[in-house]
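okay, predicted coordinates and the sequence, questions at the end:
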Amino acid sequence: MMTTSTRREFLAAGAGAIAAVLADGAGPAGGVRPPIRLGVIGAGGRGTHLMRLFLGFEEIAVTAVCDIDEAHLDRALEAVRAARGKRPAGYGGGPLDYRNLLAREDVDAVLVATPMPMHAPMSIEALRAGKHVLSEVAAAMTLDECWGLVEAAESSGRTYMLSENCCYWESILAVLGMVRAGVFGDLTYAECGYVHDCRPIKFEANGTLTWRGEMARDFSGNLYPTHSFGPVATWLGINRGDRMESLVAFDTRQASLARYARERFGVESDAARIRFHVGDSTSTLIRTAKGAVVDLRYDTCSARPHPSTTYYTLQGLKASYDSRIDGIWIEGRSKEYAWEPFGTYAKEYEPPVWKAFREKAKDSGHAGGDYLVVRAFVDALLEGRPAPIDVYDAAAWSAIIPLSAASIRAGGAPQEVPDFTRGPGRTGGPYAG
């Protein structure tokens, strides 16, 4: 474990990481020498997509791939052969075969793109094996796993990054630029949510549960907070001048999944008898040390159309933003006491990374965020700087999962949010408003 002084140096070094990555890509030299030898754990649709983006960087060599699904594994191995002329090593010998991938000396870093409950255990093992880690979201399911990630990253000295692509959306970064320029003034309130009808992908065709369905059966609370809360956390400077202090949560009764199962698989089916613990909709209120409040919603069960899965609002002393109407109002700049189109300020606050990499990012998936996440991770390793969305961010954002569940079990009682930085914090960092 790091000493307090070493941890303080580690945190201080991380303070400028996101500013560098999200600004102009410049950073200190002294990182991993290319090629970066990458192992991929989880080669389903998401893992294979991200692996293909990695293959777009000449500094990356994919040396090993692991997946328990033979078809997924073969598809990924063939994709590497088609791109680079040689199939990497393949591991598909069971649920623990990823450990053989981690034991390889020709793997410097790993992409973890497995079902969400495995993200933390696999990432912790990878860090302890001396590998850098890019993990899909969320980072962890329990507070013990959050702390395990922090301690593994600190003790190994390896880079951990959470692959939260929503933080790299052009509008999110433009708002961040406005916050840093003082357009909003002090920040007081935000709303955000992940509202996406995912009922069909919680069940297999035969009525058994997918891993998403198993999560809905076994857990309650906000089970997927980072797409919604991550961007807001960057605006508020969470872990970089402010921190989450406490939260409360309430959920609705569970009705939609049971109804869906009855209608799709029949009233007498095994699927119709499953008892799900997650509510249809969960609302969490988070209060920060500086007195800001975040209203966070999660709903993957309710019947609704799918024009967008996320929404964001931000309120400051001098300005207000609402993604749901693509509107902004700035005191003293907006011509009337009415919303303006956010695009009015698009050119003035165009994010530098979008200006530099727009053509490469725009068709990469998730509104360009996928390419920029991969690029940020690669650049962090090559240039020897901490990841922009680091292990402390990953732990804090993911802690909403167990803490919201604990509040619901306690009838909405407040839950203290741990300070995963253990006190020193990061002030004046890139997300500070």
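Sure, I can see it.

for the nearest residue to residue 416 once chain neighbours are set aside, what are its contacts?
Among residues not flanking residue 416 along the chain, residue 246 sits closest, at 5.5 Å (CB to CB, 6 or more residues apart in numbering). For the C-beta atoms, the positions are set from N, CA and C on the backbone; glycine is no exception. Counting by CB atoms under 8 Å, 6 or more residues apart in numbering, residue 246 touches 286-287, 414-417.

please indicate which of the residues you listed are buried?
For these, a burial check counting by 16 or more other CB atoms under 10 Å picks out 286-287, 415, 417.

shaky segments in the chain?
Filtered on pLDDT under 70, the chain yields the residue ranges 1-30, 424-433.

let me see the ranges of the helices in the stretch 1-150 of the chain.
4-15, 17-23, 45-55, 70-84, 98-102, 119-128, 143-156 (DSSP state H, counting those that start in this stretch).

reformat those as a markdown table; add distance to residue 259 and mean neighbour count.
What follows is those, written out as a markdown table (distance: least, CB to CB, whole Å; neighbours: other CB atoms under 10 Å):
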| stretch | distance to residue 259 | mean neighbour count |
| --- | --- | --- |
| helix 4-15 | 46 | 16 |
| helix 17-23 | 43 | 22 |
| helix 45-55 | 28 | 19 |
| helix 70-84 | 32 | 16 |
| helix 98-102 | 38 | 20 |
| helix 119-128 | 30 | 23 |
| helix 143-156 | 32 | 20 |
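
give me the residue at the spatial middle of the chain.
With distances taken as CA atoms, centre = their mean, the residue of the chain nearest its centroid is residue 164 (3.0 Å).

now, the most widely separated pair of the buried ones among the contacts of residue 246?
Among these, the pair separated by the greatest distance (CB to CB) is 287 and 415, at 10.9 Å.

find the residues that touch each one of those two.
Shared contacts of residue 287 and residue 415, counting by CB under 8 Å, 6+ apart, come down to 246-247.

and residue 353, how far is that from residue 92?
36 Å (CB to CB, to the nearest Å).

who has more neighbours, the two?
The neighbour comparison of residue 353 against residue 92 (other CB atoms under 10 Å) goes to residue 353, with 22 against 18.

secondary structure element for the more buried one, which one?
helix 352-361 (DSSP states H and E).

relative to helix 45-55, how tilted is that helix?
Interaxial angle of helix 352-361 relative to helix 45-55 (axes from the mean of the first three to the mean of the last three CA atoms, to 10 degrees): 100 degrees.

what about the contacts of residue 246, which are in strands?
286-287, 415-416 (DSSP state E).

quick check: which element contains the residue nearest to residue 416?
In the assignment (DSSP H and E), residue 246 maps to strand 244-251.

please report phi then psi for the residue sitting furthest away from the middle of the chain.
Of all residues in the chain, residue 268 has its C-alpha farthest from the mean position, at 38.5 Å, by CA atoms, centre = their mean. Main-chain torsions, residue 268, degrees, to the nearest 10: phi -90, psi 10.

I figured residue 216 hits residue 276, correct?
Yes: look at residue 216 against residue 276 with CB atoms under 8 Å: they come within range, at 4.9 Å.

ok, back up a step: closest one of the buried ones among the contacts of residue 246 to residue 381?
Nearest to residue 381 among the buried ones among the contacts of residue 246, with distances taken as CB to CB, is residue 417, at 29.8 Å.

residues near the closest residue to the residue nearest to the centre of the chain other than its chain neighbours, how many?
Spatial nearest neighbour of residue 164, chain neighbours left out: residue 230 (4.4 Å); criterion: CB to CB, 6+ apart. By the criterion of other CB under 10 Å, residue 230 has 25 neighbours.

what does residue 217 give?
16.

how about residue 397, what does it touch?
Neighbours of residue 397 in contact, by CB under 8 Å, 6+ apart: 138-139, 162, 164, 225-226, 229-230, 233, 238.

ok, those vs residue 86, which is closest?
residue 162 (30.5 Å).

bridging residues for that closest one?
Taking DSSP bridges as the rule, residue 162 bridges to residue 135.

isn't it up against residue 137?
Yes: assessed by CB under 8 Å, residue 162 is found in contact with residue 137 at 6.2 Å.

name the residues contacting each of those two.
Common neighbours of residue 162 and residue 137 (criterion: CB under 8 Å, 6+ apart): 226, 230.

tell me which of the two has more neighbours.
Per other CB under 10 Å, whichever of residue 162 and residue 137 has more neighbours is residue 162, with 30 against 20.

against residue 311, how distant is that one?
Counting by CB to CB - residue 162 and residue 311 are separated by 21 Å.

okay, now the closest residue to residue 361 other than its chain neighbours: neighbour count?
Closest residue in space to residue 361, ignoring its immediate chain neighbours: residue 368 at 3.7 Å, by CB to CB, 6+ apart. For residue 368, the count of nearby residues is 21 (other CB under 10 Å).

residue 368 should be in a helix, yeah?
Yes: assigned with DSSP: H, G, I helix; E, B strand; the rest coil, residue 368 falls within a helix.

and it, what does it touch?
168-170, 354, 358, 361-362.

change it to 10 Å
Counting by CB atoms under 10 Å, 6 or more residues apart in numbering, residue 368 touches 165, 168-170, 353-354, 357-358, 360-362.

report the buried members of these.
165, 168-170, 353-354, 357, 361.

which of the residues you listed lies closest to residue 291?
When the buried ones among the contacts of residue 368 are compared against residue 291 (criterion: CB to CB), the nearest one is residue 169, at 27.0 Å.

mind listing what the closest one touches?
175, 231, 310, 312, 323, 351, 354, 366-369, 372.

now do 7 Å
367, 369 (CB atoms under 7 Å, 6 or more residues apart in numbering).

which residues sit against stretch 398-411?
138-143, 146, 219-223, 225-226, 229, 247-251, 282, 284, 413, 415, 417-418.
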